[in-house]
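In: next input, structure requested:
(one chain, ligands or ions: 1)
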Amino acid sequence: MTQITKVPLLDLTRVEDDLMGELRDAFERVLTSGRYIMGPEVEGLEAEIAEFTGAKHAIGVSSGTDALMCTLMALGVGQGDEVICPTYTFFATAGTIWRTGAKPVFVDVDPITYNTTAEHIAAKITDKTKVIMPVHLYGQCTDVGAIMDLAKERGIAVIEDAAQAIGAQWNGQGAGSMADYGCFSFFPSKNLGCLGDGGVVTTNDQELADKARLMRQHGGKPKYYHKVVGGNFRLDPLQAAFVRAKLPRLPADTEKRRANAALYERLFRAAGVVSAEPTEVAPHEIGLPVRVQDSHIYNQFVVRFGGGRRDAVRAELGERGVGSEIYYPVPMHMQECFAACGHTAGDFPVAEKAAAETLALPVFSGLRESEIEYVVEQVVDILKDS
Ligand SMILES: *Cc1c(COP(=O)(O)O)cnc(C)c1O
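Out: Numbers count the residues shown, from 1 in each chain. As a prediction, this is how the structure comes out:
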């Protein structure tokens, strides 16, 4: 057995030989087709994503960020509107809202799931609220149905930021199929990644599908005749072909991520370092992620370190060759670019505490059991020194 000295947070070069062959075939297929914009690869992927997510329509777009931008524009969001989103999320959620000219209205998150809920959102609805944008953080769904109940009666649209949650479910419904629009990313670190940038929009509504398709190609209908202004949000057929090669493996990859998460849990528990409360973590303890329903897809395996130790633990893990990342160190309401929203430290205490305590450990599907054992040994050893 080789001695492990290094465990990457994510290693995208660990690709099985047969998938490598299929990716080369996909490249060859597009290269010789002469179709480098739109066409059958994009349409083929759209049909497969609709089927996989359980949404009626899918629209391939240039990134997860552009999926959000395209759907906000399709809903006519702009100056004078408010869009509610969690403060604890990836920047694109709030950045796209800002770029439409609308005001991002931030809400706090649940301490256990890190997701925002209908209760958080209800208090922030005004007569300017045009869209609510919940995020399925780390790969676990929030209860979109409860948010839809709030939104529907007030004529507010809901966009699921499902960039981290492809294949996750809530009460048997797929992420991205529960609201007006779902937005997914094929960024390489997502569970279904392409070899560059890509994304997809999903919807069950024919009219909303048509609007997103219109926005994807500058808003011209017919071509060169514009009633509305759109953008270039097209997905490259080359990236579509790569995603098509990988999609059939996604369920097995997801199972592997779940098995990795389960092994972490078992080993940390056996070592006796797990905090009783996932959110109240003593300096010698680790807080484990909580699975609310069974369908967490573990885009990230996010643990907590208390007593102000997170950054020291992370640095020490780095010394010992273990990759980790902080998702995310600064909540949106504390970002300089959103200073005009008028927030200060303390406004969203749950998000601020999470930003100070959470750490993502390696969980990707190509991870080996021996590597997980190494990570756990190192964490346990570091925690002992407190
Ligand atoms: C990755 C991500 C996005 C953006 O996707 P890109 O493809 O990188 O543009 C948006 N929201 C969330 C929550 C994400 O994790």
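
In: could you pull out the strands in the chain for me?
Out: Using DSSP state E, the strands of the chain run over 57-61, 82-86, 103-107, 129-132, 157-161, 169-170, 173-174, 181-185, 199-203, 301-304, 358-361.

In: by contact count, what packs against the last one?
Out: The contact analysis (3 or more C-beta pairs under 8 Å, 6 or more residues apart in numbering; DSSP states H and E) places strand 358-361 against strand 301-304, helix 310-319. Just so you know, the C-beta spots here come from the backbone N, C-alpha and C atoms, and that holds for glycine as well.

In: ok, residues contacting it?
Out: For strand 358-361, the surrounding residues in contact (C-beta atoms under 8 Å, 6 or more residues apart in numbering) are 9, 114, 264, 300-305, 310, 313-314, 322, 324-327, 375, 379.

In: would you list the strands of the chain in JSON lines and tack on mean neighbour count, mean pLDDT and distance to residue 141?
Out: Shown next, in JSON lines, are the strands of the chain (neighbours: other C-beta atoms under 10 Å; pLDDT from 0 to 100; distance: least, C-beta to C-beta, whole Å):
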{"stretch": "strand 57-61", "mean neighbour count": "27", "mean pLDDT": "98", "distance to residue 141": "18"}
{"stretch": "strand 82-86", "mean neighbour count": "26", "mean pLDDT": "98", "distance to residue 141": "14"}
{"stretch": "strand 103-107", "mean neighbour count": "22", "mean pLDDT": "98", "distance to residue 141": "17"}
{"stretch": "strand 129-132", "mean neighbour count": "24", "mean pLDDT": "98", "distance to residue 141": "15"}
{"stretch": "strand 157-161", "mean neighbour count": "27", "mean pLDDT": "98", "distance to residue 141": "9"}
{"stretch": "strand 169-170", "mean neighbour count": "20", "mean pLDDT": "96", "distance to residue 141": "4"}
{"stretch": "strand 173-174", "mean neighbour count": "19", "mean pLDDT": "96", "distance to residue 141": "8"}
{"stretch": "strand 181-185", "mean neighbour count": "31", "mean pLDDT": "98", "distance to residue 141": "11"}
{"stretch": "strand 199-203", "mean neighbour count": "30", "mean pLDDT": "98", "distance to residue 141": "14"}
{"stretch": "strand 301-304", "mean neighbour count": "24", "mean pLDDT": "98", "distance to residue 141": "15"}
{"stretch": "strand 358-361", "mean neighbour count": "22", "mean pLDDT": "98", "distance to residue 141": "18"}
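
In: okay, these in TSV with distance to the ligand next?
Out: Shown next, in TSV, are the strands of the chain (distance: least, C-beta to the nearest ligand atom, whole Å):
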stretch	distance to the ligand
strand 57-61	9
strand 82-86	9
strand 103-107	13
strand 129-132	15
strand 157-161	5
strand 169-170	16
strand 173-174	17
strand 181-185	3
strand 199-203	5
strand 301-304	13
strand 358-361	12
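
In: what would those strands look like in JSON lines with distance to residue 45?
Out: Listed next are those as JSON lines, based on distance: least, C-beta to C-beta, whole Å:
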{"stretch": "strand 57-61", "distance to residue 45": "6"}
{"stretch": "strand 82-86", "distance to residue 45": "27"}
{"stretch": "strand 103-107", "distance to residue 45": "31"}
{"stretch": "strand 129-132", "distance to residue 45": "26"}
{"stretch": "strand 157-161", "distance to residue 45": "19"}
{"stretch": "strand 169-170", "distance to residue 45": "21"}
{"stretch": "strand 173-174", "distance to residue 45": "16"}
{"stretch": "strand 181-185", "distance to residue 45": "11"}
{"stretch": "strand 199-203", "distance to residue 45": "8"}
{"stretch": "strand 301-304", "distance to residue 45": "28"}
{"stretch": "strand 358-361", "distance to residue 45": "28"}
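
In: deepest of the helices and strands packed on strand 358-361, which one?
Out: Most buried of the helices and strands packed on strand 358-361 by mean neighbour count (mean count of other C-beta atoms under 10 Å) is strand 301-304; its value is a mean of 24.

In: dump it to CSV, restricted to CA.
Out: Only the C-alpha atoms of strand 301-304 are listed here, as CSV (Å, rounded to 0.1, in the frame of the first residue of the first chain):
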residue,chain,number,x,y,z
PHE,A,301,-19.2,17.9,2.1
VAL,A,302,-19.2,20.8,4.5
VAL,A,303,-18.2,20.4,8.1
ARG,A,304,-17.9,22.9,10.9
